[in-house]
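> Turn this into a model:
(4 chains)
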2 protein chains.
Amino acid sequence: MAEESQLGGEFTLAIFKLNGQMLAAGEKLARPAGITVAWWQVLGAVLRQPLTAVGIARQMGITRQAVQRIANRLIDEGLLEASPNPAHKRSPLLGPTPNGREAVKQIAPQQTEFSKRMIDAFGRDEFQRLIGELHRIADVVDEVGPQREPAAAVLPH
Amino acid sequence: MAEESQLGGEFTLAIFKLNGQMLAAGEKLARPAGITVAWWQVLGAVLRQPLTAVGIARQMGITRQAVQRIANRLIDEGLLEASPNPAHKRSPLLGPTPNGREAVKQIAPQQTEFSKRMIDAFGRDEFQRLIGELHRIADVVDEVGPQREPAAAVLPH
DNA sequence: CCATAATTGACAATATGTTGTCGTATTGGT
DNA sequence: ACCAATACGACAACATATTGTCAATTATGG
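Reported below is the predicted structural model:
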């Protein structure tokens, strides 16, 4: 029936719209610090501990190539630095430089401010509940997503 | 406080992740019909009635330039056609060609299938409730978004 | 230990989106 | 009806992301 399709479409469009809104909000927060949302995400991924490009990609949910291009750019800009990876000669660990750390730190106040307004608007418990719902939705989409390959039984090659 | 920032970040990342998932799911649905998600969205916007490029952009929540590039491409591909707009000589009405309509129609079954799986996973009422939540979130983000200009009081120029 | 698999970085092509500019229509107030 | 503001299409420059390829490194099974 068309109604099912209708509901799914409405759902998808709602997600796309939210994505656009959060991207726009993020750009406004990041711009004063001289970085973009993508840079912010990459730097944010390595604040606690350095990661390889592939590790950052996994955390961000995008391809390693996309991360690598941004990482190379961030290294050029002096916001990210590569250090030797004992576990992998070709895949250095990437971590923030002091400047990189500073850029992220500059964003924090406005980001907290924005978060607070969201929390105030929803109520803290409700906001937390909504985040839980979003995670749950992500899990379900993973499960029922179209034509995902059949769980790749572990076979010897 | 850092916890607020934390919550906001988790929220944002959840949205980004969902966006990536829905984009990936959409690509898989649209590919067999020879179109992309963006093309699908544009064609979908004009199925009921032709719209101008600006109208499509408004409905999709992206800029008119992005829509115009895709629309031009779709016209090249013979999936979209321009017809004279009585209300605006320079801004033609854009509508699907038979081929364009056919492409969207080809996607419908799998899209319905995917939607059904989502609805089955959540339960119909729950799924509808979640869509409502997403709309509500979008409204709140609009309201509390960072540095949005102050509602532009209607002034004579 | 060695041959084959998988991983990784670099590069290129393409798609999608943004901002900004330009020239030309279109519109709306006086 | 005129004139200034606005809207629109076309372009260009740029950011982000995807897919695909290649060569080199790393991991793994026999």
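> Every contact and neighbour count from this point should use C-alpha atoms.
Noted.
> Could you give the backbone dihedrals for residue A:94?
For residue A:94, the backbone dihedrals (degrees, to the nearest 10) come out as phi -110, psi 130.
> What is the neighbour count of it?
26 (other C-alpha atoms under 10 Å in any protein chain shown).
> repeat for residue A:68
17.
> go on, residue A:6?
Residue A:6 has 14 neighbouring residues, counting by other C-alpha under 10 Å.
> how far away is the residue of chain A found nearest DNA strand C from residue A:82?
Nearest residue of chain A to DNA strand C (C-alpha to the nearest atom of the strand) works out as residue A:91 at 3.4 Å. Distance, residue A:91 to residue A:82, by C-alpha to C-alpha, to the nearest Å: 9 Å.
> How about residue A:97?
The value you get for residue A:97 to residue A:82, if C-alpha to C-alpha is used, is 9 Å.
> so who does residue A:93 touch?
A:50-53, A:82-85 (C-alpha atoms under 8 Å, 6 or more residues apart in numbering or on different chains).
> Looking at these, point me to the pair that's furthest apart.
Greatest spatial distance among those (C-alpha to C-alpha): A:53 and A:84, at 12.9 Å.
> Between the two, tell me which one has more neighbours.
residue A:53 (24 against 12).
> wait, isn't the more buried one in contact with residue A:67?
Yes: using C-alpha atoms under 8 Å, residue A:53 makes contact with residue A:67 at a distance of 6.2 Å.
> For residue A:124, give me its contacts.
Taking C-alpha under 8 Å, 6+ apart, one finds nothing in contact with residue A:124.
> Can you check the pLDDT for it?
On pLDDT, residue A:124 comes in at 93.
> and it, how far is that from residue A:110?
Distance from residue A:124 to residue A:110, by C-alpha to C-alpha: 18 Å.
> now residue A:75
Taking C-alpha to C-alpha as the measure, residue A:75 falls 25 Å from residue A:110.
> How many residues are close by residue A:7?
20.
> and it, what pLDDT?
Reported pLDDT for residue A:7: 86.
> Could you do residue A:144 as well?
82.
> so it sits right up against residue B:118, yeah?
Yes: counting by C-alpha under 8 Å, residue A:144 touches residue B:118, with 6.6 Å between them.
> Neighbour count: these two, which is higher?
Neighbours per residue (other C-alpha under 10 Å) separate residue A:144 from residue B:118, with residue B:118 holding more: 23 against 18.
> residues contacting that one?
A:8, A:140-141, A:144, B:127.
> What helix or strand is it located in?
For residue B:118, the host element (DSSP states H and E) is helix B:98-122.
> Quickly check: that helix near DNA strand C or not.
No: judged by C-alpha under 7 Å from any atom of the strand, helix B:98-122 stays clear of DNA strand C, getting no closer than 13.9 Å.
> Give me the distance from that helix to the chain's centre.
In this view, helix B:98-122 has its centroid 15 Å away from the chain centroid, taken as C-alpha atoms, centre = their mean, to the nearest Å.
> Can you name the element that comes right after it?
Using DSSP H and E, the first helix or strand after helix B:98-122 is helix B:124-144.
> Point me to the residue of chain A nearest DNA strand D.
For chain A, C-alpha to the nearest atom of the strand, closest residue to DNA strand D: residue A:89, 3.0 Å.
> looking at it, residue A:37 is touching residue A:28, isn't it?
No: in this structure residue A:37 lies outside contact range of residue A:28 using C-alpha under 8 Å: 9.0 Å.
> residue contacts, the spatially most central residue of chain A?
Taking C-alpha atoms, centre = their mean, the centroid of chain A lies closest to residue A:60, which sits 4.0 Å from it. Residue A:60 makes contact with A:41-42, A:45, B:17, according to C-alpha under 8 Å, 6+ apart.
> Can I get those residues in CSV including distance to DNA strand C and secondary structure?
Converted to CSV, these look like this (distance: C-alpha to the nearest atom of the strand, whole Å; DSSP: H, G, I helix; E, B strand; the rest coil):
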residue, distance to DNA strand C, secondary structure
A:41, 17, helix
A:42, 14, helix
A:45, 15, helix
B:17, 16, helix
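> Considering those, which possesses the most neighbours?
residue A:42 (26 neighbours).
> burial of residue A:89, as a residue count?
Count around residue A:89 with other C-alpha under 10 Å applied: 9.
> Residue A:52 versus that one, what's the distance?
11 Å.
> Low-confidence regions, chain A specifically.
A:1-2, A:146-157 (pLDDT under 70).
> So which bits of it are right by DNA strand C?
Counting by C-alpha under 7 Å from any atom of the strand, the residues of chain A close to DNA strand C are A:52-54, A:64-65, A:68, A:72, A:90-92, A:157.
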